[in-house]
Structures are given as C-alpha cells and as structure tokens.
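Participant: Got a predicted structure plus its sequence, pasted below:
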Amino acid sequence: MSSNRKQAAKESDMRKEYDFTHSVRGKYADRFSKDVVMVTLAPDVAAAFPDADAVNEALRILLKAAKKAAPAA
C-alpha cells in the first residue's frame, strides 16, 4: 500500500472533530515516577473506591491479612 493510501486510510478512520495535528506523544508521561504501576479496574470495582488512596489502603489491608493467614516459611 502506498504512503498516500495509508494516510488516506488513517484520515478516513478518524472523526472530523478529532484534531491531533499539534499533539505531543507522551507529553504528561514524566508526571509518573518510574515505580508507578498503572492498572485498569473493572467499573464495579472502581465504583467502590473514591480515589487512588482508597484503593491503596484497601490493598494494604489485604496484604496484611494475607501475611497473617500465610503459614510461616
């Protein structure tokens, strides 16, 4: 496929109201430290937590419970 055809295909797939001509890839990527792990929560799970701090606190509680329940090695 020629480059003109590829460009035409890309343009035809995009809605007219989307304009990425001045966009910058990864513009906000530096905001996250290297040790941040991004995950996607299912909608029903996400609805149970108001923010990331609540998710982290719940996971810390779960980790503590799992450590107490696990037999000593």
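Facilitator: Looks like it came in fine.
Participant: Now do the buried residues in the strand or helix carrying residue 59.
Facilitator: Assigning secondary structure by DSSP states H and E places residue 59 in helix 52-69. Using 16 or more other Cβ atoms under 10 Å as the burial criterion, the residues of helix 52-69 that qualify are residue 55. (Each C-beta comes from the backbone N, C-alpha and C, glycine too.)
Participant: just the helices in the protein please.
Facilitator: For the chain, the helices defined by DSSP state H cover 3-13, 43-46, 52-69.
Participant: And these, which one averages the lowest pLDDT?
Facilitator: Sorting those by mean pLDDT places helix 3-13 lowest, at a mean of 64.
Participant: For residue 32, give me its contacts.
Facilitator: Residues counted as contacts of residue 32 (Cβ atoms under 8 Å, 6 or more residues apart in numbering) are residue 38.
Participant: make that residue 48, sorry
Facilitator: Applying Cβ under 8 Å, 6+ apart, no residues contact residue 48.
Participant: Now with 10 Å, please.
Facilitator: Counting by Cβ atoms under 10 Å, 6 or more residues apart in numbering, residue 48 makes contact with 41, 54-55, 58.
Participant: One more: residue 54?
Facilitator: residue 48.
Participant: and the gap between the closest residue to residue 49 other than its chain neighbours and residue 38?
Facilitator: Nearest non-adjacent residue to residue 49, counting by Cβ to Cβ, 6 or more residues apart in numbering: residue 55, 4.8 Å away. Separation of residue 55 from residue 38 (Cβ to Cβ, to the nearest Å) stands at 12 Å.
Participant: cool, and residue 25?
Facilitator: 17 Å.
Participant: quick revisit: possible to save the contacts of residue 48 as a markdown table with distance to residue 34?
Facilitator: Below are those laid out as a markdown table (distance: Cβ to Cβ, whole Å):
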| residue | distance to residue 34 |
| --- | --- |
| 41 | 22 |
| 54 | 24 |
| 55 | 20 |
| 58 | 24 |
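Participant: hang on, the residue nearest to residue 49 packs against residue 45?
Facilitator: Yes - between residue 55 and residue 45 there is a contact under Cβ atoms under 10 Å: 8.7 Å.
Participant: Overlap in contacts, these two.
Facilitator: Joint contacts of residue 55 and residue 45 (Cβ under 10 Å, 6+ apart) do not exist.
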